[in-house]
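Asks: kindly generate the corresponding structure for this input.
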Amino acid sequence: MRSMIGKLREKLCSYGVPKRALTAFESQVKKAVGAVFQRKLDAAEDRLLELMDQSSIWRLKYCREKERAEELERLVEAKDKEVEERDKKILEQSSFIAWLRKQVFDGDSERHPKSPEEKTAGPEADSSGSQSTAKDKAGKRKPGKQPGTPGHGRKKDIGTDNERVNHDIADRDKVCPCGGECELTDLPPVTSTETDYQEKVVVREHVRRKVIRRCKKCGRFRGIKKAPKPPKLILRSKYSTNFWRAVIEEKYWLQRPLNRLRVKLKTLNCQVRLGTLINGLKLLHKADIFQAVYEELLDRSRLAEQRHMDETGWKVFQETEDKQSSRWYMWVSKSVDVTVFILDPSKSNEVIQAHLNGVTEGIIICDRGTLSN
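Replies: Here you go, the predicted structure:
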């Protein structure tokens, strides 16, 4: 800029322009050019400030997005850890479910059915391969019954009544193909047994003898006599003692509802109303039949040589005159064939002494609680 002004000044001096005019022109040119450059400089400064503001805004946005990205990365890492732990749990549960299925549904019987290859291999392959199948992968002998060893056979039912049923050969086997009748010579019979279950309801008709008595010696008339009635648990009831015994066994021993008992009796062509069964049990309760059965069970329990006994807390909320607390105790005495439950407010040995009154020998299996004192 200065060089250009200097060249222009020299050129004008060569034309004879006065120095005063040149100085005034130079000052005017400097003012005009300085104003233009000042405007450009101000615009550049304003643009610089604007760009600096925008850069600060974008720097803030970048920092905010960077923090958000870091937070998302931490969240993704936490979710990945949760997924890994969940996968481990799923793998453990899957293995546990597979083990349970194997325990429930796999065949654990010692008598396994033969495969088709074993059936077609014959007895020689069975006897030769029994030693290899009786060992596991480690070469140890497997526990239990070994393949190829003979069994113990079927168990016989002891204590049941035996009923003999005779079977004859078929009529067609008694005739020769030529049409003549065959002469049969008996040989020792072939005997086999089976256990049969018979269940039926019978209506008994009691025919009681009724007579007029007259003495053969003196000839006097001694009145009319008839045979006594069979004993019954409920007077004037059409159901026998054996019938009520079966009802008590079904209800209190086998724990079957009376409605199911009605269905069972209905299948045996015996229609019994539910109210009849309920009222009959109420009458038996009023007659202290169940109390007598309970006392017999107590006597049976005292005859046992060995028994398990224990007690546990039992809440009783029924209000009585002598009741002092709702915390009672349920005592249990279990022998081979009888289990006795005793509900008592006391936890002392007096309950055991009262139950085992008269018992001088025996073994009590219990914990180290009140019973062992």
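
Asks: all helices of the stretch 101-250 of the chain, in order?
Replies: Remark: helices of the stretch 101-250 of the chain, listed N- to C-terminal, are 116-121, 123-133, 241-248; assignment by DSSP state H, counting those that start in this stretch.

Asks: pLDDT on the second one, on average?
Replies: It stands for helix 123-133. Averaging the model's pLDDT scores along helix 123-133 yields 45.

Asks: and T191, how many neighbours does it have?
Replies: Other residues near T191 come to 6 when the count uses other C-beta atoms under 10 Å. Yep, even glycine has a C-beta here, placed from its N, CA and C like the rest.

Asks: ok so L343 is a strand residue?
Replies: Yes - according to DSSP: H, G, I helix; E, B strand; the rest coil, the state of L343 is that of a strand.

Asks: do you know how far it is from A227?
Replies: From L343 across to A227, the span is 46 Å (C-beta to C-beta, to the nearest Å).

Asks: now K79
Replies: 92 Å.

Asks: one more: D168?
Replies: Using C-beta to C-beta, one obtains 41 Å as the distance from D168 to A227.

Asks: repeat for G16
Replies: As it turns out, when the distance is counted by C-beta to C-beta, G16 lies 181 Å from A227.

Asks: tell me the pLDDT at E77?
Replies: Reported pLDDT for E77: 93.

Asks: that one - how many residues pack around it?
Replies: Neighbour count of E77, defined by other C-beta under 10 Å: 10.

Asks: next, give phi and psi for it.
Replies: According to degrees, to the nearest 10, the main-chain angles of E77 amount to phi -60, psi -40.

Asks: domain assignment for this protein?
Replies: Taking automatic domain parsing as the reference, the chain has its domains at 1-66, 231-287, 305-373.

Asks: between these, which gets nearest to T191?
Replies: domain 231-287 (31.7 Å; C-beta to C-beta).

Asks: still on that earlier bit, looking at D168 and A227, which one has more neighbours?
Replies: A direct count of neighbours by other C-beta under 10 Å for D168 and A227 places A227 higher, at 11 against 8.

Asks: wait, the more buried one touches V211, no?
Replies: No - A227 sits out of contact with V211 when judged by C-beta atoms under 8 Å, with a separation of 9.1 Å.

Asks: check whether the closest residue to R327 other than its chain neighbours sits in a helix, strand or coil.
Replies: Ranked by C-beta to C-beta, 6 or more residues apart in numbering and with sequence neighbours excluded, the top spatial neighbour of R327 is G313, at 6.3 Å. Put simply, G313 is strand when judged by three-state DSSP.

Asks: show me the contacts for G313.
Replies: Contacts were defined as C-beta atoms under 8 Å, 6 or more residues apart in numbering; by that measure G313 touches R327, W328, Y329, M330.

Asks: with K200 instead?
Replies: Taking C-beta under 8 Å, 6+ apart as the test, what K200 contacts is L268.

Asks: report pLDDT for it.
Replies: K200 is assigned 88 on the pLDDT scale.

Asks: now do R327
Replies: According to the model, R327 carries a pLDDT of 87.

Asks: and it, how many neighbours?
Replies: With neighbours defined by other C-beta under 10 Å, the count for R327 comes to 11.

Asks: any chance you could map the strands in this protein?
Replies: Assigned by DSSP state E, the strands in the chain fall at 210-214, 221-226, 306-315, 327-334, 339-344, 363-365.

Asks: next one: the last one to chain centre, how far?
Replies: Using C-alpha atoms, centre = their mean, to the nearest Å, the mean C-alpha position of strand 363-365 is found 32 Å from that of the whole chain.

Asks: cool, and the first one?
Replies: Put simply, strand 210-214 sits 69 Å off its chain's centre (C-alpha atoms, centre = their mean).

Asks: okay, the angle between it and strand 221-226?
Replies: Relative orientation of strand 210-214 with respect to strand 221-226: 160 degrees, computed using axes from the mean of the first three to the mean of the last three C-alpha atoms, to 10 degrees.

Asks: can you list contacts of strand 210-214?
Replies: The set of residues that contact strand 210-214 without belonging to it, under C-beta under 8 Å, 6+ apart, is R220, F221, R222, G223, I224, K225, K226, A227.

Asks: who's in contact with the first one?
Replies: Residues touching R220, when contacts are defined by C-beta under 8 Å, 6+ apart, comprise R214.

Asks: look up phi and psi at it.
Replies: When quoted as degrees, to the nearest 10, the phi and psi of R220 stand at phi -80, psi 150.

Asks: how near is it to R209?
Replies: The gap separating R220 from R209 is 21 Å, by C-beta to C-beta.

Asks: so what's the nearest residue to K334 once chain neighbours are set aside scoring on pLDDT?
Replies: With C-beta to C-beta, 6+ apart as the measure, H308 is the residue that lies nearest to K334, at 4.6 Å, once sequence neighbours are left out. In the predicted model, H308 carries a pLDDT score of 92.

Asks: residues near H308, how many?
Replies: Using other C-beta under 10 Å, H308 has 14 other residues around it.

Asks: which strand residues bridge it?
Replies: Partner residues in beta bridges with H308, using DSSP bridges, are K334, I365.

Asks: and it, what is it in contact with?
Replies: With C-beta under 8 Å, 6+ apart as the criterion, the residues that contact H308 are V332, S333, K334, S335, I364, I365, C366.

Asks: most neighbours, which of these?
Replies: Each of the contacts of H308 was scored by neighbours using other C-beta under 10 Å; the highest score is S333's, at 22 neighbours.
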